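Engineer: using only what follows, build the 3D model:
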Amino acid sequence: MANQQKRIKALIDKNIRDILQFELKNEVGFLTVTSVDVSDDYSFVRIYVSFFTNPNENFKKLSRAKGFVKSSLAKKISLRRSPEIQFILDDGFFKEQRIKKILKQEEEELKEIKKDEK
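Structural biologist: Residues are numbered from 1 along each chain as shown. As a prediction, the model looks like this:
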């Protein structure tokens, strides 16, 4: 039973990624699916996405296409119910860049302090 659950979750994951990559490519900007979480009863799917440019604007466009993604997924897989879909903006990349920038500034300030002490 565990293998069947893994297989179905992997199938949902693959189909979601294919739909977003090939069927919605012109409507939303360049996006990356960072993670797909499927509930144990397959009734709910959380899709974490990040965008290369204009994340907020593209996320709104993607959210409007939720019904299309759900119906397209229902056509590709045969489950009792088509899962509810929730898109979540994964802004981890931008947070990482901000933290790196802060650390670099701190490192430069530390070098200046050490230089002044000598």
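
Engineer: surely S43 is in contact with E84?
Structural biologist: Yes. Between S43 and E84 there is a contact at 6.5 Å, judged by CB atoms under 8 Å. From N, CA and C alone the C-beta is placed, and that goes for glycine too.

Engineer: point out where the protein drops to low pLDDT.
Structural biologist: For the chain, applying pLDDT under 70 flags the ranges 1, 25-26, 118.

Engineer: tell me where it has helices.
Structural biologist: For the chain, the helices defined by DSSP state H occupy 2-18, 55-64, 66-76, 92-117.

Engineer: right, so of the ones you listed, which gets closest to V38?
Structural biologist: In terms of CB to CB, the element of the helices of the chain nearest to V38 is helix 2-18, at 4.5 Å.

Engineer: tell me which residues in the closest one are buried?
Structural biologist: K9, L11, I12, D13, N15, I16 (16 or more other CB atoms under 10 Å).

Engineer: now stretch 84-97
Structural biologist: I85, F87, L89, D90, D91.

Engineer: chain neighbours aside, what residue packs nearest to the fourth one?
Structural biologist: With CB to CB, 6 or more residues apart in numbering as the criterion, D90 has its nearest non-adjacent residue at 4.2 Å, and that residue is Y48.

Engineer: burial count for the one you found?
Structural biologist: 17 (other CB atoms under 10 Å).

Engineer: next one: K100
Structural biologist: Here the number of neighbours of K100 (other CB under 10 Å) works out to 10.
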